[in-house]
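> my questions are about this predicted structure, shown below with the sequence.
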Amino acid sequence: MAGFTAQDVTPQTGKCFVVTGANTGIGFAAAKVLAARRARVLLACRSEPKAARAIERIETESPAADLAFVPLDQADLESVRACADLIAREPRVDVLLNNAGVMFPPLQRTAQGHELQFGVNHLGCFALTGLLLPKLAQTPGARVVVTSSLAHSSGRIDWDDIDAHRKYSRTQRYSASKLMNLLFAFELDRRLRAAGSPVSAIACHPGVASTELVRHMPAAARVIWPLLSAVLNSAKQGAWPALQAATAADARSGAYYGPQRLRGAAGPSGLADRSARASDPVAARRLWDISVELTGVDQLTSA
């Protein structure tokens with residue numbers, strides 16, 4: 001089956017990409033391809049030493065790469081604001097690739113007291129995007145890419161316990177956070193179009209890819225998981241949908257991209273299916289309003 005791969009990424013000379021969680025996994029794979037295509041890539045990561053090692057690895061293959069580290073901890077909204085302030089000093093920003101996330105951790109809370117998967121996977125992404133929209137809008141053709149998951153299809157949002165104060169299932173909360181990612185991308189696209197913004201909002205998912213996200217899985221699963229990349233997706237292949245959303249000339253605002261084989265689990269990228277819940281305009285607006293209240297960020301209030 002034909003589809004988009006890293007080989008389809010055209011030269012990106014003169015463009016600036018922000019990739020969150022770029023020190024490892026899919027974020028690293030995407031940053032590596034973008035750097036090889038002559039883009040300026042900002043690696044927005046929690047750990048400066050890990051980001052420095054990632055930069056060294058990329059420079060080994062692309063000595064002329066234009067790379068920089070930007071500190072970002074999506075579990076702390078103050079860090080998100082500081083990161084956005086730094087990025088806004090760039091001459092231009094063409095793409096914000098929201099990739100950073102956590103999966104299946106034991107119950108933990110962000111600096112502001114939110115359940116970790118809700119706080120990192122959704123609220124941090126929501127806040128960083130909102131804070132950078134004015135900068136992105138200065139560049140024609142700018143894009144916001146939001147990374148979801150196949151797990152979104154089983155996601156249910158507990159509106160009465162959105163921060164898991166009464167009950168917590170790590171798998172259910174992960175699925176809910178990935179549903180939130182798609183609802184956010186859906187509503188962001190609607191609001192950008194209503195506001196006449198030049199920025200596009202595009203969603204993607206990596207299929208089933210072997211990455212460090214599995215670190216919170218049981219030991220047996222962590223052993224088996226890398227072996228699946230022989231059948232399913234490696235981190236490099238898992239980055240193809242993100243690269244399509246971020247760079248393809250025909251990528252559409254409001255679209256959702258993902259692997260095309262094995263029911264979306266593997267293979268080259270193309271248009272992906274989303275659940276009916278992920279296209280619910282009432283839920284999308286409700287989530288937006290809650291997110292504004294919890295983050296204090298809303299750049300599209302008039303939409």
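Right, received. Where do you want to start? Numbering: from 1, shown residues only.
> so for the longest helix along the chain, what gets flagged as buried?
The longest helix of the chain (DSSP state H) is helix 170-194. For helix 170-194, the neighbour count (16 or more other Cβ atoms under 10 Å) marks 170, 172-192 as buried. Where C-beta positions appear, they are placed from N, C-alpha and C, glycine not excepted.
> now do stretch 85-98
87, 93-98.
> what do you get for stretch 13-27?
15-27.
> between the two ends of that stretch, how far is it?
One end of stretch 13-27 to the other measures 19 Å (Cα to Cα, to the nearest Å).
> ok so, going back, quick one: the buried residues of stretch 85-98 as JSON lines, columns for distance to Ser279 too.
Formatted as JSON lines, the buried residues of stretch 85-98 follow (distance: Cβ to Cβ, whole Å):
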{"residue": "Ile87", "distance to Ser279": "30"}
{"residue": "Val93", "distance to Ser279": "28"}
{"residue": "Asp94", "distance to Ser279": "27"}
{"residue": "Val95", "distance to Ser279": "24"}
{"residue": "Leu96", "distance to Ser279": "22"}
{"residue": "Leu97", "distance to Ser279": "22"}
{"residue": "Asn98", "distance to Ser279": "19"}
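> what two of those are the furthest from one another?
Using Cβ to Cβ, the buried residues of stretch 85-98 reach their maximum pairwise distance at Asp94 and Asn98, which is 14.3 Å.
> for the protein, what spans make up the helices?
Ranges of helices in the chain, per DSSP H, are 25-36, 48-61, 77-87, 116-117, 125-136, 170-194, 219-224, 235-238, 240-247, 281-295.
> those: which one's closest to Pro268?
Nearest of the helices of the chain (Cβ to Cβ): helix 240-247, 6.1 Å.
> hmm, who's touching the closest one?
With Cβ atoms under 8 Å, 6 or more residues apart in numbering as the test, helix 240-247 has contacts from 3-6, 8-10, 12, 17, 26, 30, 33-34, 37, 95, 97, 99, 143, 145, 147, 202-207, 251, 255, 257-259, 268-270, 272.
> which ones among the buried residues of stretch 13-27 lie within strands?
The strands, defined by DSSP state E, take in 16-20 from the buried residues of stretch 13-27.
> I'd like the distance between Thr60 and Asp66.
Remark: distance between Thr60 and Asp66 (Cβ to Cβ, to the nearest Å) = 15 Å.
> those two: which is more packed in?
More crowded of Thr60 and Asp66, by other Cβ atoms under 10 Å: Asp66, with 14 against 9.
> ok, and the closest non-adjacent residue to that one?
Once flanking residues are discounted, Asp66 sits nearest to Arg40: 4.2 Å by Cβ to Cβ, 6 or more residues apart in numbering.
> looking at this structure, which helix or strand is least sure?
Scoring the helices and strands of the chain by mean pLDDT, DSSP states H and E places helix 219-224 at the bottom, with a mean of 51.
> which regions of the protein sit below the pLDDT cut-off?
1, 210-232, 301-303 (pLDDT under 70).
> let me know the outermost residue of it.
Farthest-out residue of the chain from its mean C-alpha position, per Cα atoms, centre = their mean: Arg166, at 27.9 Å.
> for it, phi and psi?
When read as degrees, to the nearest 10, the backbone of Arg166 gives phi -100, psi -40.
> how close does it sit to Pro105?
18 Å.
> just to revisit the earlier point, and of the helices of the chain, who's closest to Asp160?
Nearest to Asp160 among the helices of the chain is helix 281-295 (11.7 Å), distances taken as Cβ to Cβ.
> ok now that closest one, how far from the chain's centre?
For helix 281-295, the separation from the chain centroid amounts to 18 Å (computed by Cα atoms, centre = their mean, to the nearest Å).
> quick one: that helix to helix 170-194, angle?
100 degrees (axes from the mean of the first three to the mean of the last three Cα atoms, to 10 degrees).
> need the contact partners of helix 281-295.
By Cβ under 8 Å, 6+ apart, helix 281-295 touches 77, 112, 114, 122-123, 126-127, 130, 157, 159, 162, 180, 183-184, 186-187, 190-191, 277, 297-298.
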